[in-house]
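Engineer: Prediction below, plus the sequence it came from.
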Amino acid sequence: MTSLATPSNRRKTTLRPIDRAVALSSLALLLLVGVTLLMGDRVGVTLERVSPLGVARATAPIKIQFGEAMQRDSLQGLVTLSPAVEGTQNWSGNTLIFQPARALEPGSDYTVTLEAGGRSESGRAILSDYQFSFSVRRPEVAYLAPADGVPINIWIATPGVEGSERQLTQSPGGIFDYAVSPDGQYIAFSETNTATNTEDIKIVDLETGGLRQVTNCADSSCTNPVWRPDGQVIAYERVDYNTGIEGVGISPTRVWLIDLRPEPAVTTPLFPDTQILGYNPQWSGDGRRIAIFDRGSASILVYDFGDDSGLSIPTRAGTSGALAPDGTSLIFPEVVLQEGQEARTFLQVADLTSNAVNLLPGTSDNASDEEARWSPDGMSVIVRRRYLDERYTRGHQLAQIDIATGAVRELTDDPRFSNGFFSWDATGEQLVVQRLSLFDDQGQPDNLARPQVWTYDLETGEYMFVVNNAFYPRWVP
């Protein structure tokens, strides 16, 4: 007779707590996958971060960081500014970077629009337009001070705002020189170590105050940092002392590069060939070319990173001149020495595509032009000029020359002052100028004068005093 199993004889099927948890998690995951498949593109691409927000610098790029890798071509033309500003798009990882073609207008408000339609590599779409806004801050001016004492440090002031001067660095050894990054967020400077009599290059973040040393020049002098326009590489001058090498003296100046993208930064010579020397580096506006002056060959060397080519421009002036923003031409000085006459400097233009060299339009036989600086749009230059005719000036005046027509606009005509180091602001509307009083109000030599920092408005022709006993001014956008 067949008997039925009693409850005590059955195998128990009750799940343990851990098994129950695993089962529930698996079920939840399956449900999530199912919901995602059902929703498809309805989730959309998410944004991780956007900038700038609030207050921005005139040269700040527009950055939009996505939560996943994007089909980059699908975003082309979908980022716009209002008021409208043309620009270019490039990428860094998942971050789209819109770089306006010209500096934004200080005091203005801008709205950034990311239009819907772009897609990620997984196929998800940006489902709706996204907007954010910011205002553009007034530019500031950086300078070195005091001019008549030590230690010299970097200061910053806002033109037109009394009492705005503030000391940026607190170096006991002093600052040798410095440069402001193209986006205005950083300042690279060479600082003197009085214990070793050497200079190292450091970078200070103007937003956070963070400090970063990017060279290790324990037995060298590393000076004159010059930012590449994209802000990722710095060219600088290096002199090695060779104190530990018997019978070897101080090395000639060479140009080195600092690549800031890795951490720590990597520094290497511009040219591996140790016989190629040089100083006074400068970049073209697109970062494709760099120019240096080689004392050994008495020429300006222009190197093109795009096709690994170079050319040499002979000159006795000892400077690398001024590269045009588009990098296709270079203005450089030449010296005229004639017996019985005062030495005169004139400016020439080298066409780097045709190798032709011609006088700078607007050049005068009755003036000595010693320096030129291109406007941001490349349409004109400001030259530092001394008149040698009946308008004879002991110091330098400033004149603007239209490159296309050679038309000359005299910006300053005050023999009491000499105008020295100067530079354009990012908008091309103002200059910052280092000035020195040569004569007092009674026409007597001003022996107690100290260099001053002024700004010059190109539209109104008005000077604005910034600070006394200071030198080497630069704009901070």
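Structural biologist: Perfect, I can see it now.
Engineer: Only the buried residues of the helix or strand where residue 204 lies, if you could.
Structural biologist: Residue 204 belongs to strand 198-205 when assigned by DSSP states H and E. Using 16 or more other CB atoms under 10 Å as the test for burial, strand 198-205 gives 198-204. Any C-beta I mention is one placed from the backbone N, CA and C, and that applies to glycine too.
Engineer: Likewise for stretch 413-432?
Structural biologist: 415-432.
Engineer: contact partners of the strand holding residue 204?
Structural biologist: Residues from elsewhere that reach strand 198-205, judged by CB atoms under 8 Å, 6 or more residues apart in numbering: 168-169, 176, 185-193, 210-223, 225, 234, 236, 241, 258, 260.
Engineer: now swap in stretch 128-139 and tell me
Structural biologist: So stretch 128-139 is in contact with 44, 47, 50, 52-58, 104-116, 158-159, 425-426, 430, 475-477, going by CB under 8 Å, 6+ apart.
Engineer: ok, back up a step: of the buried residues of strand 198-205, just say which sits nearest to residue 343.
Structural biologist: residue 199 (32.2 Å; CB to CB).
Engineer: per-residue confidence at that closest one?
Structural biologist: pLDDT, residue 199: 98.
Engineer: And it, how far from residue 268?
Structural biologist: Taking CB to CB, to the nearest Å as the measure, residue 199 falls 18 Å from residue 268.
Engineer: do residue 286 as well
Structural biologist: Counting by CB to CB, the gap from residue 286 to residue 268 is 22 Å.
Engineer: out of those two, which sits in the busier spot?
Structural biologist: Neighbour count, other CB atoms under 10 Å: between residue 286 and residue 268, residue 286 has more, with 15 against 10.
Engineer: ok, that one touching residue 229?
Structural biologist: Yes. Residue 286 is within contact range of residue 229, at 6.9 Å (criterion: CB atoms under 8 Å).
Engineer: Flag the shaky bits of this structure, pLDDT-wise.
Structural biologist: 1-42, 339-341 (pLDDT under 70).
Engineer: residues contacting the most centrally placed residue in it?
Structural biologist: Central residue of the chain (CA atoms, centre = their mean): residue 182, 2.3 Å from the mean position. Counting by CB under 8 Å, 6+ apart, residue 182 touches 59, 227, 229-231.
Engineer: Tell me which of the residues you listed fall in strands.
Structural biologist: Counted as lying in strands by DSSP state E, out of these, are residue 227.
Engineer: Just to be sure, which of the contacts of residue 182 are found in helices?
Structural biologist: With DSSP state H as the criterion, helices contain none of those.
Engineer: which is the next helix or strand following the helix or strand residue 466 falls within?
Structural biologist: According to DSSP H and E, residue 466 maps onto strand 463-468. On the C-terminal side of strand 463-468, the nearest following helix or strand under DSSP H and E is strand 471-476.
Engineer: Mind giving me the packing neighbours of that following strand?
Structural biologist: Packing contacts for strand 471-476, counted by 3 or more CB pairs under 8 Å, 6 or more residues apart in numbering; DSSP states H and E, involve strand 140-145, strand 175-180, strand 417-424, strand 430-437.
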